[in-house]
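Engineer: Give the three-dimensional model of this entry:
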Amino acid sequence: MSSEVYILRPGVVNLPPEHIEVHDGETLNITVIVMPGVSADIPIRVDVCGTGASVTLNGLYLTDGNDKVSIVTDIRHTVGGSTSSQLFNGVAAGESRFNFFGKILIAQDAQKIEAYQTNRNILLSEKALIDTKPQLEIYADDVKCSHGATVGQLNADEQFYMRSRGIPEVEAKVLQIISFLSPVLAGIEDEKLRASLSEEVEQAVRKMSE
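Structural biologist: Residues are numbered from 1 along each chain as shown. Modelled structure (predicted):
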């Protein structure tokens, strides 16, 4: 089993491999964390070429200022009996730009595949831009696949609920964003790393929410 976390911070850009193969019975778990102050292109292609193989590819990104971040995922199931899951959640503020282009390909006769992809985004400013394009390319019939993408703002009803109970506006915003990002952080297996990254992400969110 391979479980890796790649963290991109200003001046320290730790990119994941561009091309990975996952073979019979292997498990791959990758998490990508992009902190504010980073501009980067992040291409990730995974060939799922073994029966019983499992791939989890998650990402969290916080863009601010004039950051420009692009994530391109390409998951290819070339034989039957494998699974993949992608979850990318992010927040864009300032005049930042974020692109997500995700693709799942199921080859002909690659039956009994389960493959899912989700990209969720929150805009914190009117000048930030997000472009998201999930894509399925399926050539087999016995598969379970889905993809989806959302771009929106913070939930006004949730903010009103918290503020009516004495939580200040900025704190309510921070709590909403942290809750939105937490599913990605929860997938990090190393407890100490998960705790330290959660704290780092919270501090970045607080700064972005000022």
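
Engineer: Any stretches of the protein with poor pLDDT?
Structural biologist: Residues of the chain meeting the criterion pLDDT under 70: 1, 157, 160-163.

Engineer: in the sheet, who's paired with the residue nearest in space to the middle of it?
Structural biologist: For the chain, the residue nearest the mean C-alpha position is residue 88 (1.7 Å; C-alpha atoms, centre = their mean). Under DSSP bridges, the beta-bridge partners of residue 88 are residue 59, residue 119.

Engineer: So it is in contact with residue 56, correct?
Structural biologist: No. Counting by C-beta atoms under 8 Å, residue 88 sits too far from residue 56 to count as a contact (11.9 Å). The C-beta positions use only the backbone N, C-alpha and C, and glycine is treated the same way.

Engineer: circling back: quick one: residues contacting the residue nearest to the centre of the chain.
Structural biologist: 58, 59, 60, 61, 71, 73, 100, 102, 118, 119, 120, 184 (C-beta atoms under 8 Å, 6 or more residues apart in numbering).

Engineer: Can you classify the fourth one by secondary structure?
Structural biologist: For residue 61, the secondary structure call by DSSP: H, G, I helix; E, B strand; the rest coil comes out as strand.

Engineer: So which bits of the helix or strand that contains residue 98 are buried?
Structural biologist: For residue 98, the enclosing helix or strand under DSSP states H and E is strand 97-106. Neighbour counts over strand 97-106 (16 or more other C-beta atoms under 10 Å) mark 97, 98, 100, 101, 102, 103, 104, 105, 106 as buried.
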